[in-house]
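Asker: structure of the sequence below:
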Amino acid sequence: MDKEKMNMAYSKFVENRLPKTKFFPSLLWAFLVGGLICCIGQGIFDSIGAIFPSLEDKVVQSYTLIIIIFLASFLTGIGVYDRIGNFAGAGSIVPISGFSNSVASPALEFKREGVIFGVCVKMFTIAGPVIVTGISASILVGIIYYIIGLF
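Answerer: Okay, here's the model as predicted:
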(Lines give C-alpha, C1' and ligand atoms only; values in the text may rest on other atoms or scores of the structure.)
Protein backbone atom coordinates (compact mmCIF):
# COMPACT_ATOMS: atom_id res chain seq x y z
CA MET A 1 0.00 0.00 0.00
CA ASP A 2 1.49 3.34 -1.00
CA LYS A 3 1.86 6.29 1.35
CA GLU A 4 -1.06 8.30 -0.06
CA LYS A 5 -3.52 5.43 0.40
CA MET A 6 -2.27 4.87 3.94
CA ASN A 7 -2.79 8.57 4.74
CA MET A 8 -6.31 8.46 3.32
CA ALA A 9 -7.13 5.29 5.27
CA TYR A 10 -5.79 6.82 8.48
CA SER A 11 -7.74 10.05 7.90
CA LYS A 12 -10.94 8.05 7.39
CA PHE A 13 -10.20 6.00 10.53
CA VAL A 14 -9.70 9.17 12.61
CA GLU A 15 -12.81 10.82 11.14
CA ASN A 16 -14.95 7.83 12.11
CA ARG A 17 -13.62 7.88 15.68
CA LEU A 18 -14.00 11.62 16.36
CA PRO A 19 -16.95 12.62 18.53
CA LYS A 20 -19.64 14.49 16.67
CA THR A 21 -20.13 17.97 18.03
CA LYS A 22 -23.51 19.58 18.29
CA PHE A 23 -22.77 22.82 16.50
CA PHE A 24 -25.83 24.91 17.39
CA PRO A 25 -25.99 24.12 21.14
CA SER A 26 -22.24 24.72 21.46
CA LEU A 27 -22.55 28.05 19.69
CA LEU A 28 -25.55 29.06 21.79
CA TRP A 29 -23.86 28.23 25.12
CA ALA A 30 -20.66 29.99 24.08
CA PHE A 31 -22.65 33.10 23.21
CA LEU A 32 -24.70 33.03 26.41
CA VAL A 33 -21.81 32.36 28.79
CA GLY A 34 -19.51 34.88 27.08
CA GLY A 35 -22.33 37.42 27.21
CA LEU A 36 -22.96 36.62 30.88
CA ILE A 37 -19.27 37.17 31.70
CA CYS A 38 -19.41 40.52 29.91
CA CYS A 39 -22.62 41.45 31.76
CA ILE A 40 -20.95 40.61 35.07
CA GLY A 41 -18.06 42.87 34.06
CA GLN A 42 -20.49 45.66 33.21
CA GLY A 43 -22.22 45.15 36.57
CA ILE A 44 -18.89 45.45 38.38
CA PHE A 45 -18.09 48.60 36.39
CA ASP A 46 -21.48 50.16 37.18
CA SER A 47 -21.23 49.23 40.87
CA ILE A 48 -17.79 50.76 41.29
CA GLY A 49 -18.95 53.89 39.46
CA ALA A 50 -21.99 54.16 41.74
CA ILE A 51 -20.02 53.60 44.95
CA PHE A 52 -17.19 55.95 43.96
CA PRO A 53 -18.75 58.59 41.65
CA SER A 54 -15.67 60.83 41.78
CA LEU A 55 -13.49 58.26 39.97
CA GLU A 56 -12.80 58.75 36.28
CA ASP A 57 -14.05 56.09 33.88
CA LYS A 58 -10.51 54.91 33.06
CA VAL A 59 -9.83 54.27 36.76
CA VAL A 60 -13.13 52.40 37.13
CA GLN A 61 -12.25 50.34 34.04
CA SER A 62 -8.89 49.43 35.57
CA TYR A 63 -10.48 48.31 38.82
CA THR A 64 -13.08 46.33 36.88
CA LEU A 65 -10.39 44.47 34.93
CA ILE A 66 -8.44 43.76 38.11
CA ILE A 67 -11.54 42.28 39.76
CA ILE A 68 -12.45 40.16 36.71
CA ILE A 69 -8.88 38.86 36.39
CA PHE A 70 -8.80 38.04 40.11
CA LEU A 71 -12.17 36.26 40.00
CA ALA A 72 -11.20 34.20 36.95
CA SER A 73 -7.87 33.23 38.54
CA PHE A 74 -9.61 32.32 41.78
CA LEU A 75 -12.23 30.24 39.96
CA THR A 76 -9.42 28.55 38.03
CA GLY A 77 -7.64 27.78 41.29
CA ILE A 78 -10.66 26.06 42.80
CA GLY A 79 -11.46 24.19 39.57
CA VAL A 80 -14.70 25.99 38.67
CA TYR A 81 -13.45 27.85 35.58
CA ASP A 82 -12.41 24.57 33.94
CA ARG A 83 -15.98 23.31 34.24
CA ILE A 84 -17.27 26.59 32.79
CA GLY A 85 -14.79 26.19 29.92
CA ASN A 86 -15.87 22.62 29.23
CA PHE A 87 -19.48 23.74 29.12
CA ALA A 88 -19.17 27.07 27.29
CA GLY A 89 -16.11 26.54 25.09
CA ALA A 90 -14.99 29.75 23.42
CA GLY A 91 -17.54 31.75 25.38
CA SER A 92 -15.30 31.45 28.41
CA ILE A 93 -12.06 32.02 26.51
CA VAL A 94 -12.75 35.22 24.59
CA PRO A 95 -13.28 37.70 27.47
CA ILE A 96 -10.32 38.81 29.60
CA SER A 97 -11.28 36.16 32.12
CA GLY A 98 -10.15 33.55 29.59
CA PHE A 99 -6.76 35.23 29.37
CA SER A 100 -6.50 35.10 33.16
CA ASN A 101 -7.40 31.42 33.04
CA SER A 102 -4.72 30.76 30.41
CA VAL A 103 -2.07 32.19 32.75
CA ALA A 104 -3.33 30.59 35.99
CA SER A 105 -3.96 27.06 34.62
CA PRO A 106 -0.37 26.19 33.62
CA ALA A 107 0.97 27.80 36.80
CA LEU A 108 -1.27 25.54 38.89
CA GLU A 109 -0.55 22.49 36.77
CA PHE A 110 3.22 22.76 37.11
CA LYS A 111 3.48 24.07 40.71
CA ARG A 112 4.76 20.67 41.88
CA GLU A 113 7.93 21.30 39.84
CA GLY A 114 8.78 24.29 42.02
CA VAL A 115 8.37 28.03 41.88
CA ILE A 116 11.07 28.77 39.31
CA PHE A 117 11.03 25.77 36.98
CA GLY A 118 7.34 25.05 37.43
CA VAL A 119 5.22 28.12 38.02
CA CYS A 120 7.46 30.84 36.55
CA VAL A 121 8.57 28.91 33.48
CA LYS A 122 5.20 27.40 32.56
CA MET A 123 2.93 30.32 33.51
CA PHE A 124 3.05 31.94 30.08
CA THR A 125 3.16 28.85 27.85
CA ILE A 126 -0.35 29.55 26.58
CA ALA A 127 -0.60 33.33 27.04
CA GLY A 128 3.01 34.11 26.08
CA PRO A 129 2.57 33.89 22.31
CA VAL A 130 -0.54 36.08 22.56
CA ILE A 131 1.36 38.70 24.55
CA VAL A 132 4.34 38.67 22.17
CA THR A 133 2.10 38.91 19.10
CA GLY A 134 0.07 41.75 20.64
CA ILE A 135 3.15 43.75 21.59
CA SER A 136 4.82 43.14 18.22
CA ALA A 137 1.69 44.15 16.32
CA SER A 138 1.25 47.31 18.42
CA ILE A 139 4.89 48.31 17.78
CA LEU A 140 4.46 47.73 14.04
CA VAL A 141 1.21 49.72 13.93
CA GLY A 142 2.85 52.49 15.98
CA ILE A 143 5.74 52.72 13.54
CA ILE A 144 3.36 52.84 10.57
CA TYR A 145 1.24 55.48 12.32
CA TYR A 146 4.37 57.53 13.06
CA ILE A 147 5.59 57.31 9.44
CA ILE A 148 2.16 58.28 8.07
CA GLY A 149 2.08 61.20 10.51
CA LEU A 150 5.32 62.55 9.03
CA PHE A 151 3.61 63.25 5.69
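
Asker: heading C-terminal from the helix or strand hosting residue 8, find the next helix or strand.
Answerer: Residue 8 belongs to helix 3-17 when assigned by DSSP states H and E. Remark: after helix 3-17, the chain's next helix or strand is helix 23-51, criterion DSSP H and E.

Asker: any idea which helix or strand comes after that next one?
Answerer: Next element after helix 23-51 (DSSP H and E): helix 57-77.

Asker: what pLDDT is listed against the nearest residue in space to residue 41 that is not next to it in sequence?
Answerer: Of all residues not flanking residue 41 in the chain, residue 68 sits nearest, at 5.4 Å (Cβ to Cβ, 6 or more residues apart in numbering). Placement of C-beta: from N, CA and C, glycine included. You'll see residue 68 listed with a pLDDT of 93.

Asker: residue 68: neighbour count?
Answerer: As a burial measure, residue 68 scores 21 neighbours (other Cβ atoms under 10 Å).

Asker: need the contact list for it.
Answerer: By Cβ atoms under 8 Å, 6 or more residues apart in numbering, the residues touching residue 68 are 37, 40-41, 44, 95-97, 100.

Asker: in the protein, where is pLDDT below threshold?
Answerer: 1 (pLDDT under 70).

Asker: swap the cut-off to 90 and go again
Answerer: Screening the chain residue by residue with the criterion pLDDT under 90, one finds the ranges 1-27, 30, 34, 76-77, 79, 81-134, 149-151.

Asker: which residues does the closest residue to residue 26 other than its chain neighbours contact?
Answerer: Leaving out its chain neighbours, the residue that sits closest to residue 26 by Cβ to Cβ, 6+ apart is residue 89, at 5.7 Å. By Cβ under 8 Å, 6+ apart, the residues touching residue 89 are 26, 29-30.
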